[in-house]
Structures are given as C-alpha cells and as structure tokens.
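>>> from the sequence below, what's the structure:
(2 chains)
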2 protein chains.
Amino acid sequence: MDDLQAVSWLNGKVRLLDQTKLPEELVLLEISDHRHIVAAIKNLAVRGAPAIGIAAAFGVVLAVWQADESDRTDFLRNANRAIDELKATRPTAKNLFWALEKMRHVMSKNLNRPLRQVKEAMLNEARAILQDDIDRCRKIGEIGQELLPIRCTVLTHCNAGALATGGHGTALGIVRSAIAKGKKVRVFVDETRPLLQGARLTTFELAEDNIDVTLITDTAAAWAMKRGFIDVVVVGADRIARNGDVANKIGTYGLSILAKEHKIPFVVAAPLSSFDPDLATGADIPIEERDGDEVRRIGSLQIAPEDVPVFNPAFDVTPHNLISAIVCEKGIARFPTEEKLAQWLK
Amino acid sequence: MDDLQAVSWLNGKVRLLDQTKLPEELVLLEISDHRHIVAAIKNLAVRGAPAIGIAAAFGVVLAVWQADESDRTDFLRNANRAIDELKATRPTAKNLFWALEKMRHVMSKNLNRPLRQVKEAMLNEARAILQDDIDRCRKIGEIGQELLPIRCTVLTHCNAGALATGGHGTALGIVRSAIAKGKKVRVFVDETRPLLQGARLTTFELAEDNIDVTLITDTAAAWAMKRGFIDVVVVGADRIARNGDVANKIGTYGLSILAKEHKIPFVVAAPLSSFDPDLATGADIPIEERDGDEVRRIGSLQIAPEDVPVFNPAFDVTPHNLISAIVCEKGIARFPTEEKLAQWLK
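Numbering: from 1, shown residues only, chains lettered A, B, ... in the order given. Got it, this is the predicted structure:
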C-alpha cells in the first residue's frame, strides 16, 4: 500500500488518490488549485479524518504557492480566504480544523520573513503534518496491537486505514502492526452504507496487503457476533470529546451496542489530532447530514423512489461508556473518562 | 396497492409482480410453467414468507393444469416432483413448506375423483391459501394496531407489506390498520442490504398509499433511535419456533438489540403459517446463505473487489427475550414464551 498514498506533494502539486473511483479504477488527481482540494474534500475523493486534515494543509500551500512574492497583503488575504473555504467543507472531523490552525499559525509566525520563505515554511509544515500522521499511526498500531489476541478476528467499520490517513491507518494500523508482530489476524469489514467505504476501500487495501478479509453487509454484523466470528471491534474516529465520546462514521454507535450485548471489546483508534479539548461531551459535536441521493442512488443506479424523504447523517456519536479502550499515539485509555484522557490533552 | 398484488391467478396462468425490478419498472410476469415459479422464488422475483407460500401453491397447480386427465400415475408423479422442486427453492421461510403440505394434502384427499376435479380442488386450495392470507393479514392489522400509539413513528425492516403477502401485509398491515383507525403513523424504513427490499419495495408501497415514509440506511437505525425518532419497531417473520424465537431478514436481530438499548418496543407480526411447531428454538431454524455477489455487486455495479470473500446470511434469529410482542391472526403474545404461543398451535 505504500505507493497508494491518499495524499502526497509532487513538484508543486497535490496528488490525491480519487477514493470515489476505488476499487474499480485507480485514478490519481494532480491538483494545483486549492479550490479543487475544497471540492475533493466535499465529494469525498479524499476522506478519513486524518487524510482530510493533510489534504487541507496542502490546500493552503496551493493557495499561496504561485502568489506574487512582493504583495504581502494579497498573500495574506488569499491564504486566509483559502483557509476559510477549506474549513467550510465538512463539519465533523476535528483534524481538518486542527491542521488548518497549524497552517495559519506557521504562516503568522513567519510573516516577517520574505514571502518565498513563508511559502517554504508552509510547505514544510504541511509535509510535517503528513509525516507526523504516518508516525502517529505507526505508534497507534504499535501500542494498540497489544489489545489483539494472538489469533483473532477483528470487525471494522468504514475505512480507518492507510487511505484515511497519511499511511498505515489507525484501526487498520493496529491490525497491520499486530500482523507484523506475528499475530494471526483476520478482518471482517462492514460494507458501510451509504458510501460503502468498507466494501470499496477497506477490502481493497487489506487485500493489497494480503490480509485475510471478509466483507459483510452492515445488517450482518450482529449475526456475525452472535455466531462467534468476531473477537474485537476496532474503529477510527472523526472527533473525540473531552469525556471520551466519539463521533465516527454512521453505524459505529449501533456497533458499539451490539458489541456490548455480545461482550466483545470495542476499541477506538485515533491520533490526538482527532481529540477536541473544547468539547465537554459528544452532544456538542456537529453531525454532518448529507444529501439524500447518497442513499437513494448508488452510482448511476436508482435504488429507491426518486422523491422519497431520506434521513442521512454521515456520523453518529458513541458514548464513552460503550467504549472498551481508546488508543492514541500516547497510549491506551481503558474505559475512557475525562480524567484518563486529560493526561494526553495537557 | 390493491391492483399491485404480488401473486394472482389469471386464466390458467400465475401472474407475479417482478419484485427484482421495482421501483424502477413495474413488470408483470405471466407464468404457465411451474419451473418458472421455482426460478422466480430463487431469484426473489417473488419474496416474503407468505407470498412465497402462495406462489408455490399456485406453482403446484401449474404443474398439473395441462396434465393428461386419463393418466393418474403421471399426474401424481408430476405433482409430487413439482412439490419437491418448489420445496428446494429456499430453506428458511416456513410458509413455503406449510403451503406445499396443504397442496399435497388436498391432492391426496381428492385422488379418487376424476382428475379434472382434482385439478379444480387444487386450484381452489391455492386460491384459498391466497385469500386466507389476505384475511389473516387484515386480522393481524386489526389486532396489532392496538400496539401503536395514536401518534407514532414505526421503524420497519425489509418488506413485510402487501408485496410480501397476499395483500395488506403483516408489519405494514398493522401500520395500515392503525391509519385506517385514524392514528397518525409515520414510518422509517431501513434500506435492508443486501437486496434493498426496504429501499425498493417498502418505500414504494407506502408511498403508493400516501403513508408518510422516510428511508434510512441500516447503519442509521441506532442513531435514529438515539435521536428519539422511533417509537416502536415492527417487523415480519420467516419462521417462528415454539419458544418464540423468530427468523427474519438479516439485520432484524441487530435491530432487536438496538431497540432494547433504547427501550423501544419490538413487535413481530406474522400469520400462523409462519409458526413451526416442530422446532423447539430458533437454533433449529435453517438459515439460508446466499451468493456473495449479492453483496459485491448492486445491479450491474461492482462495489467491492471481485474476489473478496463474503459472508452473506439471508436471515438471522431474534431470541424471544428480545421481543416485546408477537402478533398473529389469533391475538397478541406479549413477552412471548412457549406457553403463551402453545395456545395458538393446538
């Protein structure tokens, strides 16, 4: 998977792997206008909380990369406008806002230097955000793999893998690191309607790495648990509140209830960039609702009456009391509480 | 919906509404060969436990309808072979076996009469099975509607409606009867992957009747409950064991756990033809597993890598202790147990 990076920087352009086209087509987008990054985040060509943050950071670089190096006012105006546009793409994932704040900060800090150097500093920051995310994922994998038995089957939801991050993945990073340690790990994947990130992306990236993967519909998760097929559930996160409540892809909350019913550990893996110290509980996390056509249509196929009303939340919130452990690059919080997470947020 | 019957008899042919084509196309199949009924049950052109039983009954009629009325041995051989072929189509729904046994019985009982009269008796029996199912559904609706508050939102799964029965429906029969009584009932429908009976069929038939319907992905059910949108869950059944364990469309078991977590009543509606007095518990119910391509593909669209392994059970079993009430044409069993159901099975 190392050459299948979700986001990378290549000679003044941002290269995105178009995730709306996988697994049928492997399309690489080469983007030089930050507004195309805005569009790519909105239409989910790039998705996954950490990857969105990385793409947005490079989007800010694109917005200033060709700027006139003698007009400081114009430079600043363009950069700030781009940051605002990128910020408005999607409301739930914390990493987007976190990365954009880092970009704004590095720009402000360097503004008294020649603009060429400001550009370089901003590119370096975006590159650091990318590399840093890969490092965090490897740490999360290393730490989190302790939670997996020597032989086990993991159920995961959506895609919290290399494609959702700089590389390696969060939930799938734990799987990869466990396998690297010699553990025998099989993965069951929920297809994850409406946008089928499990069916399209997670199966694809695990198969690329020769990891034993079985696809199920979201409706089959409870029965797979009942049948004894699942030893542990591992998912990613889009935003984590101070008390450990977790916003993640729609369906995650239901899975956490099913896991409790079947006494199966429920593990969340996310870098600290997904944590939001400003929010006391999950009730404060804004939940994006997306167009009903995502449910009424699959690709060009109409699967429901054209005008039927749809409720289509993109995320839900899993309360901390249904979570067995949260893993980040700093360690593991078992039965997470505000007190346990506070040590990481200092 | 009255003219949109799933199964009917028309001048020596069986008319099926092809449910694989809805809601995009309204295709009526006119079938005169029982082997086409076998195929239609297997490929789900006709589906829903009661409707499968009705279609199979008419399939037996087709197998003898053109038979030479002078050759009793041949008549019997053809009828019995057709019954065996129809029996082998799908393993889970009880109504199929129930209806075929009724057809075999009426044939045996009349075999000493002229074959023309045997044919007529068999047609009359199939017609009675159809009419009887409509009557049972109306009774179930009438009785079950008491369980719905005056204003409420019902969540249903798959299609337990007119399209799954002779008419009126079981779960949706309760909704229709409640509305006929003047209650304000809204319906949320799980799309019901893999075959999307909720998205394709339930939304369609409710919209035809101007019933307020909202479509959600299966992944959104828990969140809709958490948000307080759902007052009661009502589903159908494919087979009910003596102790009240219920086999129904995959995803039903998970819903029952989610309903318990949110303290939402979970109601099962089914005619007595779905009850199996031979099975002590749900553990004995055979669960059909279907082709993985039902998950890997939607129509002509590939949504997962071609060769990815799939676990695709068509049904699951909800244990009786997760069921608030079972409704049949004889009454309501609250918190069903073997003792409570036994009165109906005498």
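
>>> okay, CA-based contacts and neighbour counts for the rest of this
Will do.

>>> list the contacts of residue A:167.
Neighbour list for residue A:167: A:2, A:5, A:6, A:133, A:134, A:137, A:161 [criterion: CA atoms under 8 Å, 6 or more residues apart in numbering or on different chains].

>>> please repeat the previous calculation with a cut-off of 6 Å.
Listed by CA atoms under 6 Å, 6 or more residues apart in numbering or on different chains, the contact set of residue A:167 reads residue A:134.

>>> likewise the one 3 residues further on?
Going by CA under 6 Å, 6+ apart, residue A:170 touches A:137, A:160, A:161, A:269, A:270.

>>> residue A:249 now?
Residue A:249 makes contacts with residue A:315, as judged by CA under 6 Å, 6+ apart.

>>> what is the burial count for the closest residue to residue A:47 other than its chain neighbours?
Nearest residue to residue A:47 in three dimensions, chain neighbours excluded: residue A:164, at 6.0 Å (CA to CA, 6 or more residues apart in numbering or on different chains). When counting by other CA atoms under 10 Å in any protein chain shown, one arrives at 27 neighbours for residue A:164.

>>> tell me the pLDDT of the residue in the stretch 101-250 of chain A that chain B sits nearest to.
Closest residue of the stretch 101-250 of chain A to chain B, CA to the nearest CA: residue A:219 (4.1 Å). Residue A:219 is assigned a predicted lDDT (pLDDT) of 98.

>>> looks like it contacts residue B:251 (just checking).
Yes. With contacts counted by CA atoms under 6 Å, residue A:219 reaches residue B:251, the gap being 4.1 Å.

>>> who's more crowded, those two?
Under the criterion of other CA under 10 Å, the comparison of residue A:219 against residue B:251 puts residue A:219 first, with 31 against 27.

>>> helix/strand/coil for that one?
Under the three-state scheme (DSSP: H, G, I helix; E, B strand; the rest coil), residue A:219 adopts helix.

>>> residue contacts, it?
Listed by CA under 6 Å, 6+ apart, the contact partners of residue A:219 are B:250, B:251.

>>> next secondary structure after the host helix or strand of residue A:122?
Take DSSP states H and E as the rule and residue A:122 turns out to sit in helix A:115-144. For helix A:115-144, the following helix or strand on the C-terminal side (DSSP H and E) is strand A:151-156.

>>> is that following strand in proximity to chain B?
No. Using CA under 6 Å from any CA of the partner chain, strand A:151-156 stays clear of chain B, coming no nearer than 12.7 Å.

>>> tell me the first helix or strand C-terminal of that strand.
Note on strand A:151-156: by DSSP H and E, the next helix or strand toward the C-terminus is helix A:171-180.

>>> how about residues contacting that following helix?
Applying CA under 6 Å, 6+ apart, the external contacts of helix A:171-180 come out as A:141, A:142, A:144, A:145, A:160, A:161, A:234, A:235, A:236, A:269.

>>> what is the end-to-end distance of stretch A:285-298?
Start-to-end span of stretch A:285-298 (CA to CA, to the nearest Å) is 28 Å.

>>> show me where pLDDT drops low in the stretch 1-150 of chain A?
A:1-3 (pLDDT under 70).

>>> can you map out the strands along it?
Taking DSSP state E, counting those that start in this stretch to define them, one finds strands in the stretch 1-150 of chain A at A:7-10, A:13-17, A:28-31.

>>> partner strands of the longest one and their direction?
So the one you mean is strand A:13-17. If you go by DSSP bridges, strand A:13-17 pairs up with strand A:7-10 (antiparallel), strand A:28-31 (antiparallel).

>>> residues making contact with that strand?
Against strand A:13-17 from outside (CA under 6 Å, 6+ apart): A:6, A:7, A:8, A:9, A:28, A:29, A:30, A:31, A:32.

>>> swap in the first one?
Contacts made with strand A:7-10 from outside it, assessed by CA under 6 Å, 6+ apart, are listed as A:14, A:15, A:16.

>>> and which of these is nearest to chain B?
Nearest to chain B among the contacts of strand A:7-10: residue A:16, at 20.5 Å, using CA to the nearest CA.

>>> from residue B:76, how far out is that closest one?
Relative to residue B:76, and taking CA to CA, residue A:16 is found at 67 Å.

>>> what's next to stretch A:310-322, contact-wise?
Contacts of stretch A:310-322 (CA under 6 Å, 6+ apart): A:244-250, A:253, A:256, A:287-290, A:292, B:214-216.

>>> buried only: go through the residues you listed for me.
The neighbour-count test (16 or more other CA atoms under 10 Å in any protein chain shown) applied to these identifies A:244-250, A:253, A:256, A:287, A:292, B:214-216 as buried.

>>> got the phi/psi numbers for the residue of chain A positioned farthest from its centre?
Relative to the centre of chain A, the most outlying C-alpha is that of residue A:70, 37.4 Å out, by CA atoms, centre = their mean. As for residue A:70, its main-chain torsions (degrees, to the nearest 10) stand at phi -110, psi -10.

>>> on that earlier part again, give me the pLDDT for the residue nearest to residue A:47.
Residue A:164 carries a pLDDT value of 96.

>>> contacts only, for it.
Contact analysis of residue A:164 by CA under 6 Å, 6+ apart lists A:47, A:48, A:51.

>>> and the stretch 101-250 of chain A, which of its residues are near chain B?
Residues of the stretch 101-250 of chain A lying near chain B by CA under 6 Å from any CA: A:199, A:200, A:214, A:215, A:216, A:219, A:220, A:222, A:250.

>>> same thing but at 8 Å, please
Contact residues (CA under 8 Å from any CA of the partner chain) of the stretch 101-250 of chain A with chain B: A:192-194, A:196, A:199-200, A:203-204, A:207, A:213-223, A:250.

>>> those residues in strands, which ones?
Secondary structure from DSSP state E places A:213, A:214, A:215, A:216 of these in strands.

>>> picking up where we left off before, any chance of the strands of the stretch 1-150 of chain A in JSON lines, plus mean neighbour count and distance to residue A:127?
Formatted as JSON lines, the strands of the stretch 1-150 of chain A follow (neighbours: other CA atoms under 10 Å in any protein chain shown; distance: least, CA to CA, whole Å):
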{"stretch": "strand A:7-10", "mean neighbour count": "18", "distance to residue A:127": "8"}
{"stretch": "strand A:13-17", "mean neighbour count": "21", "distance to residue A:127": "11"}
{"stretch": "strand A:28-31", "mean neighbour count": "17", "distance to residue A:127": "16"}
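
>>> format those as a markdown table; extra columns: distance to residue B:324.
Compiled in a markdown table, the strands of the stretch 1-150 of chain A are given as follows (distance: least, CA to CA, whole Å):
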| stretch | distance to residue B:324 |
| --- | --- |
| strand A:7-10 | 50 |
| strand A:13-17 | 49 |
| strand A:28-31 | 52 |
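
>>> returning to what we had before: mind checking which of the strands paired with strand A:13-17 is nearest residue B:323?
Residue B:323 lies closest to strand A:7-10 among those, at 48.1 Å (CA to CA).

>>> run the chain-centre distance for that closest one.
Centroid separation for strand A:7-10 versus its chain: 17 Å, with CA atoms, centre = their mean, to the nearest Å.

>>> do stretch A:250-270 as well
18 Å.

>>> ends of it, how far apart?
Terminal-residue distance, stretch A:250-270 (CA to CA): 17 Å.

>>> in it, what's buried?
A:250-262, A:264-270.

>>> picking up where we left off before, pretty sure the residue farthest from the centre of chain A is touching residue A:115, no?
Yes. Counting by CA atoms under 8 Å, residue A:70 touches residue A:115, with 7.4 Å between them.
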